[in-house]
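A.B. asks: any chance you can model this:
(one chain, ligands or ions: 1)
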Amino acid sequence: MTIAIDADRIGRSPLAQPPLPFADTALEPVISAKTLTFHYGKHHKGYFDTLHKLIADTPHADATLEEIIVAAAADPAQKKVFNNAAQAWNHNFYWNSLCGDRQTPEGDLAAAIDRDFGSLDGCKAALAEASINQFGTGWGWLVVDGGTLKAVSTEDADVPFVHGQVPLLTVDVWEHAYYLDYQNRRPDHVKAVVESHLNWAFAARNFAQS
Ligand code: MN
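C.D. replies: Numbering: from 1, shown residues only. Next comes the predicted model:
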């Protein structure tokens with residue numbers, strides 16, 4: 001499998017964990033500071049730490065996160081590298097998909113949402129459904145696929161851009177994302193995130209590059 005990498009569409013992320021783009025209390029009560037602290041400080045950091053050990057003294061050591069993901073996705077022998085690099089990237093993208101203030105999409109993105117989902121409520125419902133229905137660990141995504149907005153899910157660490165889809169927003173549905181606050185009630189967590197804490201300005205920037 002060969003995957004074309006378009007760095008202008010997927011970016012060039014350094015191999016260091018970026019700071020959280022908001023305070024650890026910014027998403028309360030939907031996502032508690034306790035959940036955020038563990039999620040960012042233990043889970044997300046752990047993927048970067050493991051990746052650094054795996055790629056030390058390999059050709060990946062000077063690559064971007066996106067280059068490692070694309071290369072490792074094409075090589076079953078690098079499954080562990082892929083999983084840790086992809087989870088590092090997915091969480092970078094997840095933090096940017098969230099924000100503390102309630103936003104609504106504007107401009108070209110709002111028009112595309114109306115075109116492809118009928119309404120913003122239709123878009124939110126589709127994203128929530130894809131996220132809730134992901135069986136086991138994974139991610140819900142709003143993506144552009146062949147010029148059309150779609151709500152999809154991926155399993156475990158999988159990333160839409162290795163399948164030719166441009167991600168706009170994501171929702172983490174691994175249990176560590178919600179279990180401290182919601183236990184087994186994934187639907188309640190997902191619906192609250194989708195309703196109140198999506199960063200539509202981030203989605204619009206990604207849409208403009210899609
Ligand atoms: Mn996570």
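
A.B. asks: quick one, what contacts the nearest residue to residue 15 once chain neighbours are set aside?
C.D. replies: Closest residue to residue 15 apart from its sequence neighbours, by C-beta to C-beta, 6 or more residues apart in numbering: residue 65 at 6.1 Å. All C-beta spots, glycine's among them, are computed from the backbone N, C-alpha and C. Going by C-beta atoms under 8 Å, 6 or more residues apart in numbering, residue 65 touches 13, 14, 15, 85, 88, 89, 92.

A.B. asks: tell me the pLDDT at the second one?
C.D. replies: According to the prediction, residue 14 has pLDDT 87.

A.B. asks: that one should be in a strand, yeah?
C.D. replies: No. Remark: residue 14 does not belong to a strand; assigned using DSSP: H, G, I helix; E, B strand; the rest coil, it is coil.

A.B. asks: any idea how far it is from the ion?
C.D. replies: 20 Å (C-beta to the ion, to the nearest Å).

A.B. asks: any regions of this protein where pLDDT drops low?
C.D. replies: Applying pLDDT under 70 to the chain flags the ranges 1-6.

A.B. asks: any residues of it in contact with the ion? List them.
C.D. replies: With C-beta under 5 Å from the ion as the criterion, the chain meets the ion at residues 172, 174, 177.

A.B. asks: sort out for me which of those are in strands.
C.D. replies: residue 172 (DSSP state E).

A.B. asks: now render the residues of the chain next to the ion as CSV, adding neighbour count.
C.D. replies: What follows is these, written out as CSV (neighbours: other C-beta atoms under 10 Å):
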residue, neighbour count
172, 28
174, 19
177, 24
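
A.B. asks: endpoints of stretch 34-48, how far apart?
C.D. replies: With C-alpha to C-alpha, to the nearest Å applied, stretch 34-48 spans 20 Å between its terminal residues.

A.B. asks: cool, and stretch 95-109?
C.D. replies: Counting by C-alpha to C-alpha, you get 20 Å between the two ends of stretch 95-109.
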